[in-house]
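# Turn this into a structure:
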Amino acid sequence: MLARANPVACFRVPVLLAAVAAALPGSLPAQSPAPATPSVPAASAITALTRPARDLGASTEVGYGILQTKCLTCHGKPEYPRAPSPAALYQYTPERIYDSLTKGVMAGVVGNQLSESEKRVVAEIISGRRLGTADSADAGHMPNRCAANPPLQQAAQRPAWNGWGADVQNTRFQSAASAGLTVEDVPRLKLKWAFALPNSTSAYAQPSLVFGRVYVGADTGYVYSLDAATGCVYWSFDAGHAVRTAMSIGRVKVRGSSGYAVFFGDRQANVYAVDAQTGRKLWMAHPEPEFTARITAAPTYYDGRLYVPLSSYEEFSASTATWECCKSQGGVAALDAGNGRRLWLRHVPPRPPQPTHRNSQGVQQWGPAGGAVWNSPTIDPLRHAVYFGTGDATTYPAIDTSDAVMAVDMDTGRVLWSYQVFSNDSFLIGCGPGAGNENCPRTVGPDWDIPASPVLKTLRDGSRRLIVVTKPGDVLALDPDKRGALVWRVNATGPVVGNRLPKAGERAPPGFLWGVAVGEDAMYFGLTHGGAGAIDIATGRQLWLNPLESAQGAGYNSATSAFPGVALLGSSDGQLQALSTTDGKLLWSFDTRREFDAVNGIKARGGSINAQGPVVADGMVVVGSGFAVVGGTPGNLVAAFAVQ
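Just a heads-up that it's a prediction; the model follows:
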């Protein structure tokens, strides 16, 4: 699909480019934002536009590829000053962009080269939200509004799952008291309520359960506050762009607020703070100006600051020769939680990208670049440090901080140490044997990354470990008190892959993607190619491995969660499962990949549980189902379970 996304001649004709802004319905002068209240198509049009894209299965990555190779070759370039900048395009509604591609001036020069699903997905990628969702996803239109909105202070001491990892060490492990559930309770878990994310096709944001409320974002750009007991809706907030991150809740000192804020990021790299009681916006910040930047992992709140991970979509199609490859830099930004002011920004590459050479088409090339941060930062108050995993480089040679764990100072962002797990991993989608594209790295790596948050844990003997997991299944224990020195390294299913590229024909073993749970003595995990297991965190010794033959063919890409005696994980075929942490035996399962009558009066449908993990607190388990960013089954379900 991405191979089709080549620049077309129309983008080389200045007179046509000058007409782009005027071609958008109700367009504004170049560089100006869209109106605050966008027009909404008729109900019949909404139905057509929001139906699942089935003709070619256009994915998020396809949309980013079209954006890079058909749009950003001109928009934002000084030689085309009248073409709206990427920042201006990002403010258009998806309806305006879709109309331009189907019946505006761009229909004959770009739209006619795209399938229906591609036009829809590129409109949604540029705008950052789903078509037809400007009003219809608002809580004000829902029949299940909560009758009252009691003060949060009344529930401030209730057990919670806050943010991505339940704590700032990202253990994804709840104590028995916080979970409110026991091993004996698990077989009696029943569906308590189902909530449908209106018009959503990818329920990819992990819920948070705080104050007896469920906070969850959606690909429509909306964030919801629901009552955990009933699923009634307190409020919705329209960020305007898709929200994939978990919600992190923390105290703020903002006049007129409840004293608590919900923090999250969106697909256009904006960070928000909204009042946890009312959903009123407190502030919005944009810590990374590079226009390919996005935020896909949850910000971590600690002691009045917000530590925000920064990723990018640049590597999706930067292999195209007309693209100025590459400028995006992964990193972490620290913001003042009270006002959003940026305190520091630490990029993964050691220096800003500089011009390197021009390729045969005369397009300027740049480097170094890459190192996207796909995980929520981990906080170490003892060392006054912030830890995070980094992704592959996008330029050659690969930077030493790619596929690494980085430790930076909490106050300044200064690098304290870095441990590279895999070297020489320069990667762009569309590159590899026979690609024949000069933008491709000289040596193309396997795209291994450090996708999950490092987990900080104190062992029984008082020593501390930073547990790191990788795509090809390696598990590492680093010593945070000895500048990240390696203590042990094993592979979850076979021999250690080590700090090297795979040999010719070598296939990486089943590995990890989005997260593991770490209890007092063991790490619990699911594997991307199927199965689940446990490893002793003191020694790296495997405790058990369950192939989970009942879910044969399903992968466990999603993050694992746990409480004493129980590990919870979701599968690519929509199964939510509970395993015994003693021996890995299946205790309970629930099939989410079906239709449900939702409490907000519409149908919900579950799908793949491929990234976000289940959360457990206060006697409840809550999970989102329907992750369809790269393959998988779409869905719009948020499901809550309790003992009944």
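
# tally of neighbours for R280?
16 (other C-beta atoms under 10 Å). For every residue, glycine as well, the C-beta is placed using N, CA and C.

# excluding its backbone neighbours, what's nearest it?
V274 (6.4 Å; C-beta to C-beta, 6 or more residues apart in numbering).

# Give the phi and psi angles for that neighbour, as a check.
Dihedral pair for V274: phi -120, psi 150, per degrees, to the nearest 10.

# What residues are bridge-paired with it?
Listed by DSSP bridges, the beta-bridge partners for V274 are V262, K281.

# One more: K603?
Beta-bridge partners recorded for K603 (DSSP bridges): D597.

# quick one: pLDDT of it?
pLDDT recorded at K603 is 95.

# hmm, back to that, tell me which residues touch the residue nearest to R280, please.
Each residue near V274 by C-beta atoms under 8 Å, 6 or more residues apart in numbering is listed here: V223, F237, A261, V262, R280, K281, L282.

# Check the spacing between it and S202 real quick.
Taking C-beta to C-beta, to the nearest Å as the measure, V274 falls 22 Å from S202.

# Could you do L310 as well?
L310 sits at a distance of 21 Å from S202 (criterion: C-beta to C-beta).

# residues contacting the residue nearest to A334 when sequence neighbours are not counted?
Closest residue to A334 apart from its sequence neighbours, by C-beta to C-beta, 6+ apart: L343 at 4.3 Å. Contacts were defined as C-beta under 8 Å, 6+ apart; by that measure L343 touches R305, A334, L335, D336, D411, G413.

# repeat for W448
Counted by C-beta under 8 Å, 6+ apart, W448 has contacts D392, D403, V421, F422, D425, T470, K471, P472, A508.

# Domain-wise, how is this structure divided?
Listed by automatic domain parsing, the domain ranges of the chain are 2-127, 159-214+454-644, 246-295+298-452.

# So P352 sits against G331, correct?
No - at 11.3 Å, P352 does not count as touching G331 under the criterion of C-beta atoms under 8 Å.

# circling back: can you tell me the SS state at the residue nearest to A334?
At L343 the chain is in strand, as set by DSSP: H, G, I helix; E, B strand; the rest coil.

# Got the confidence number for it?
Confidence score, pLDDT, at L343: 98.

# residues touching the residue lying closest to T394 once chain neighbours are set aside, list them.
Excluding the flanking residues, the one nearest T394 by C-beta to C-beta, 6+ apart is G370, at 3.7 Å. Neighbour list for G370: 315, 326, 328-330, 348-349, 391-395, 398-399, 402, 426-427 [criterion: C-beta under 8 Å, 6+ apart].

# which strand residues sit across from G370 in the sheet?
Following DSSP bridges, G370 is listed with bridge partners Q329, A393.

# and V408, how far is that from Y301?
Per C-beta to C-beta, V408 is found 17 Å from Y301.

# Can you report how many residues neighbour A285?
By other C-beta under 10 Å, 20 other residues sit near A285.

# Now for the residue nearest to D266 when sequence neighbours are not counted, how many residues are close by?
Spatially, and ignoring its direct neighbours in sequence, D266 is nearest to H241 (4.1 Å; C-beta to C-beta, 6+ apart). Neighbourhood size, H241 [other C-beta under 10 Å]: 22.
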